[in-house]
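S.K.: Whatever this is, show me its structure:
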Amino acid sequence: MTDLGALVDWTDDAWMAWELAWLEERLEAWLRAAKEPSLAGGFYGLVAHQNEARGPALALRAERGAGLAMERLSLSHGLHWQQEQLLVACLAPHLSASVGRLLMQAQGNVLKPHPEADFVCALIYPRADRLTRLSAERHVVGLQAAGLLQTMPSGRESGPRALLDQALVGPDFIAQSLLGRPGLDGRLRGVATLREPTRALFDLILSPDVRRPLEEFAAGLFNTRTRQPVLDGAWVVRICGPRQCGRSLCAEALAHTVRRPLLTVELGALASHPHPEVLLETAALNARHLGAVLHLDGPERLLQGRTTLESALVTCVERAGGLTVLEVSEDAALGRLDGSVQVTIELQAPRGDERRQLWESALPAEAELAGDVNLGAISGTFELTGGQIQQAMRWALQRVLARGGGAIEQADLESGARQQLRSRLDQYARRVHVKLGLEDLVLPEDVMDEVQELLDACRHRQTVLRDWGFAQRLSTGRGVVALFVGEAGTGKTLCAEILSAELDIPIHIVSVPSVVSKWVGETERNLQDIFAQARSQHGMLLFDEADSLFATRVKVERAADHFQNMEVNLLLQEIERFEGIVILTTNLEANIDRAFQRRILFRIDFPVPGQEERAQIWRTLLPPQTPIQGALDFDMLAEDFELTGGQIKNAIVRAAYRCAAAGQGLDQERLMTSAAQQASAAGRLIRSSTEAER
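M.R.: I've put the predicted structure just below:
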């Protein structure tokens, strides 16, 4: 038998080697007795001898090995020496491959990864009387309650479902701890991380409305006399808010406040696991054993369609004890888990000043800035979260490296910011890119002046709002809302597209059929989603034929009237709160609710083009690479046909198709014919000439 006197170096590894050696001797004696029953007396004699020697060994450990992990574990949980033996037997597969195989062989089934409780108890408590069995069950229950053992069904097809019919799982994190290397359980690798927090609460850039409750809660975790963190019982904190707005940083800051490690579990990664409840229990026990803050990221993703896991999450929070942080999205419902939450911290998307601080904190200390860099302008223009700003800065630095180094320019930062703009607007609107400028827009001079004024307002709105202080005076109405009025084809939509090109921002033309729904409340939800996505997208919204959505409210005489009025009321509220650019176009202004007039900052009339404008439109719309056959008289076309810009475009395209089919260049005759057809279809005046009549 292994001599305790040989144990000179009192380390965790040496002590566990001694424990495993004793277990190995006992297992070998068990196997000999199983093969030859007459040798059972030798097994019982060995157990009795080991038990007698256990007392002096424990006394020697307490005297010379007070710093051993097993000694600390035993004292903190009040373990009986037989519980220590039972624990080592269950941890054997993690501590020694050879002893683990021997354990499975002695059990009689090498395919089961975990020993069954009745076998382990028979190994540690060989006298199978009733009192011994009750003592064994009590010790197993004690280890389970302390979080040092887990149980799972043994797979037996018969027999009562009593405790000793279960398999005993010795957690990997306990084995690591007994070897002096406490850490993350091996089963959690890939779905969880364990780290020491480095971000303190004062490092976070938060609005006063968010910082105040967070600091008040953190202050309550301290003893006011000793200024030491005190976690009296279990605390469950729910941190919610938009993505990448600092939820994980807040969880880290709370762990830093109480001076505990942070164990983060990505619950979304557990959704595909066959037994997520087992890993939840393991994470809770792991955090409890290490005294770590348990950070559950995304419980709503785990619960999608799996309400049966609500109980597992509640149990996980209860077993963890200490401080648990739930990181969830804004509108997530957690079922029964909501009842466990004591404190809720609601984060918000950063405002202008906070975004500027985030840009400044994201800049590397050694970074060189070009003279055109204006962080105030970029923070006001792009409504990004803290996480998006970090990614935008990485993109900007990559651009600098790609051109061989140098200073960070404003274009680098703006490019990085645009890379972060993601939205789901495509399901409600189509995104349009045009390569045209104001010089391509043909309008009367007075109308062009109004368009230029609108463009200037869009370009300098951040200066007025932020630098001139208007944002502090205006609680609503910070956006730019313009109404374009005019007949179809007069250039309303084209003007909006050119404005977006001049401002270098995307334009989304809202599709009314995709927004309006026959289901009650669905249209309102779609509208809210459009404006929410547009805020993060930093784009321009174009409601073409706006009178269909912004219709005048009516007297409620039936249920449909009530819901129509609700939609208009919601639109009024959303436009009032929207801080971006909204363009409304209509040819039926009288149908738009009068309440929108107060929200409209610019109203521009688009007239039917006069003869001079029509001639210019004919010239402008003809691409320079188009083959021409003969002379083209645009003045004659403008004089003979009173067409709008959209109709002129259709006439040119139609004539081009005819000429291409005939294998010749564009000519005057086919332009005249197409123009006459467009005028006839629109019911417009044709000033007769020989060619036009033909």
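
S.K.: Got phi/psi on the residue sitting nearest the centre point of the chain?
M.R.: Compute the mean C-alpha point of the chain, and by C-alpha atoms, centre = their mean the closest residue is Arg243, 4.1 Å away. Per-residue torsions, Arg243: phi -60, psi 150 (degrees, to the nearest 10).

S.K.: What distance do you get for it to Arg603?
M.R.: As judged by C-beta to C-beta, to the nearest Å, Arg243 and Arg603 stand 37 Å apart. (Each C-beta comes from the backbone N, C-alpha and C, glycine too.)

S.K.: for Glu414, same thing?
M.R.: 31 Å.

S.K.: going on from the strand or helix carrying His289, what's the next piece of helix or strand?
M.R.: Secondary structure from DSSP states H and E places His289 in helix 276-290. Using DSSP H and E, the helix or strand that directly follows helix 276-290 along the chain is strand 293-297.

S.K.: so that following strand versus helix 276-290, what angle?
M.R.: 150 degrees (axes from the mean of the first three to the mean of the last three C-alpha atoms, to 10 degrees).

S.K.: Return the list of helices and strands in contact with strand 293-297.
M.R.: When contacts are defined as 3 or more C-beta pairs under 8 Å, 6 or more residues apart in numbering; DSSP states H and E, strand 293-297 packs onto helix 247-257, strand 262-266, helix 267-270, helix 276-290, helix 310-320, strand 323-328.

S.K.: ok, it: who's next to it in the sheet?
M.R.: strand 262-266 (parallel), strand 323-328 (parallel) (DSSP bridges).

S.K.: would JSON lines of those strands with mean pLDDT, mean neighbour count and distance to Leu123 be doable?
M.R.: Converted to JSON lines, the strands paired with strand 293-297 look like this (pLDDT from 0 to 100; neighbours: other C-beta atoms under 10 Å; distance: least, C-beta to C-beta, whole Å):
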{"stretch": "strand 262-266", "mean pLDDT": "94", "mean neighbour count": "24", "distance to Leu123": "33"}
{"stretch": "strand 323-328", "mean pLDDT": "91", "mean neighbour count": "25", "distance to Leu123": "37"}
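
S.K.: I'd like these as TSV, with distance to Asn109 appended.
M.R.: TSV is the format used below for those (distance: least, C-beta to C-beta, whole Å):
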stretch	distance to Asn109
strand 262-266	32
strand 323-328	38
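
S.K.: out of those, nearest to Pro299?
M.R.: With C-beta to C-beta as the criterion, Pro299 lies closest to strand 323-328 of the strands paired with strand 293-297, at 5.9 Å.

S.K.: following the closest one, which helix or strand comes up?
M.R.: Downstream of strand 323-328, the first helix or strand assigned by DSSP H and E is strand 343-346.

S.K.: which other residues reach stretch 112-127?
M.R.: Applying C-beta atoms under 8 Å, 6 or more residues apart in numbering, the set of residues contacting stretch 112-127 from outside is 26-27, 30, 43-44, 47, 82, 85-86, 89-90, 93, 103-104, 106-107, 128, 132-133, 135-137, 140, 151-152, 154-155, 163-170.
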